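**Student:** curious how this folds, go ahead:
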Amino acid sequence: MKELEIKESLENLANKWTIEQSIYDLHLGKRDDVSDFQLVVNGVVFHIPYLVKDKTYVLWKCLWPDCHNCCERQGRLPLTKDDISLISKKMEYESESEFIKKETPISSWNEMSTMNNVITTISMISLKRDAKETEEQDGKPLPCRFLDGCGTCELHPDKPGVCWLYPFSSWMESDNGKPVVHASFQLTGDCPGFYTDKTSQPMMDILQEYSKRIFEYNMSILRTTREKYGFINIVQ
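**Tutor:** Sure, this is the predicted structure:
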C-alpha cells in the first residue's frame, strides 16, 4: 500500500480516535529504530515491533463494538475450502459450485514477510464484498456487504477465516524442511487498536487466542491448495 493511502487512512482514524505519534510514524515508515521482537506462542512465531528509542512494544487490542473499521474498509476476502463450505450453506446455496459461480471472483496478490526476504504470491477464490464488485476493485477498500447497521457481521460466526485473523497477516516459512507459521501486524492505517507499552505482557492473552486461529487458518490454507482451490508460491 502506498504511503499516501496509509496517511489518508490514518487521518480518517484521527477524526474519531487518538493515534499515538509513534504509531502514526511507524505506519508511515518514519521510524528507523524498529526491531523485530519475536514471541513464539503455541507454535506460531509472532513478529512484534519494538521501538528501540522509546523502549516500547507496539501492541494491539480490538475496539469492537465501538469500531468496525476493518469491515468498512475491507480489501479482499480470500476463502479457504472450509470457508466455502460454511458460507455457501450460510447463504443457503444448494451447492458449493453455485455459490462459487455467483458470489466469488479469483484474487491474486503478493505478500512480503516482516523481514522483507520472503515474497509469497497467492491466488485464491474470494468472497465478493459487494454484490456488484468488479475485478478493478480487488484489493481496494470497500464496505463489506455483510456488515449490518449495528456493526455486526451477518455471517458470524461463519465469516471467512481471514476476518478472524485481523489485524494479523500470516504466512509459512520452511525451517529445516518443516513448515513454521509466522504472523505480523497489518499496518494499513485502518485500525485504531494499536498502542505502545513497556512490556508485551498486556497482549499475551490475545496472542494465545490468535495463535490457535492463525495456526488452524494456515492448515486450512494447505488443505485448500492441496485440493486445488488456490495456489501459493513462496520465493526466498
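
**Student:** show me where this structure has its helices.
**Tutor:** Secondary structure of the chain (DSSP state H): helices at 3-14, 21-27, 69-72, 81-90, 96-103, 161-165, 204-226.

**Student:** contacts for the third one?
**Tutor:** Helix 69-72 is contacted from outside by 13, 143-144, 146-147, 151, 153, 163, 166-167, 190-192, using Cβ atoms under 8 Å, 6 or more residues apart in numbering. Every residue, glycine included, has its C-beta placed from N, CA and C.

**Student:** using ChimeraX, define a selection of the buried residues within the residues you listed.
**Tutor:** A single ChimeraX command selects the buried members of the contacts of helix 69-72 (16 or more other Cβ atoms under 10 Å):
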select :13,144,146,147,153,163,166,167,190,191,192
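
**Student:** redo the helices of the chain as JSON lines? Include mean pLDDT and distance to Cys62.
**Tutor:** Putting the helices of the chain into JSON lines (pLDDT from 0 to 100; distance: least, Cβ to Cβ, whole Å) gives the following:
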{"stretch": "helix 3-14", "mean pLDDT": "92", "distance to Cys62": "14"}
{"stretch": "helix 21-27", "mean pLDDT": "97", "distance to Cys62": "16"}
{"stretch": "helix 69-72", "mean pLDDT": "94", "distance to Cys62": "9"}
{"stretch": "helix 81-90", "mean pLDDT": "95", "distance to Cys62": "21"}
{"stretch": "helix 96-103", "mean pLDDT": "96", "distance to Cys62": "27"}
{"stretch": "helix 161-165", "mean pLDDT": "94", "distance to Cys62": "11"}
{"stretch": "helix 204-226", "mean pLDDT": "91", "distance to Cys62": "8"}
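
**Student:** looking at those helices, which is closest to Asp130?
**Tutor:** Taking Cβ to Cβ, helix 96-103 is the member of the helices of the chain nearest to Asp130, at 11.0 Å.

**Student:** quick check: angle from the closest one to helix 81-90?
**Tutor:** Helix 96-103 runs at 80 degrees relative to helix 81-90, counting by axes from the mean of the first three to the mean of the last three Cα atoms, to 10 degrees.

**Student:** alpha carbons only: can I get helix 96-103 in PDB?
**Tutor:** Output of helix 96-103 as PDB, limited to C-alpha atoms (Å, rounded to 0.1, in the frame of the first residue of the first chain):
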ATOM      1  CA  GLU A  96     -20.700 -25.000  -3.500                       C
ATOM      2  CA  SER A  97     -20.300 -24.700  -7.200                       C
ATOM      3  CA  GLU A  98     -23.300 -22.400  -7.500                       C
ATOM      4  CA  PHE A  99     -22.000 -20.300  -4.600                       C
ATOM      5  CA  ILE A 100     -18.600 -20.000  -6.300                       C
ATOM      6  CA  LYS A 101     -20.100 -19.100  -9.600                       C
ATOM      7  CA  LYS A 102     -22.400 -16.300  -8.200                       C
ATOM      8  CA  GLU A 103     -20.600 -15.000  -5.100                       C
END
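
**Student:** tell me the buried residues in stretch 54-68?
**Tutor:** In stretch 54-68, the ones that count as buried by 16+ other Cβ under 10 Å are Thr56, Tyr57, Val58, Leu59, Trp60, Cys67, His68.
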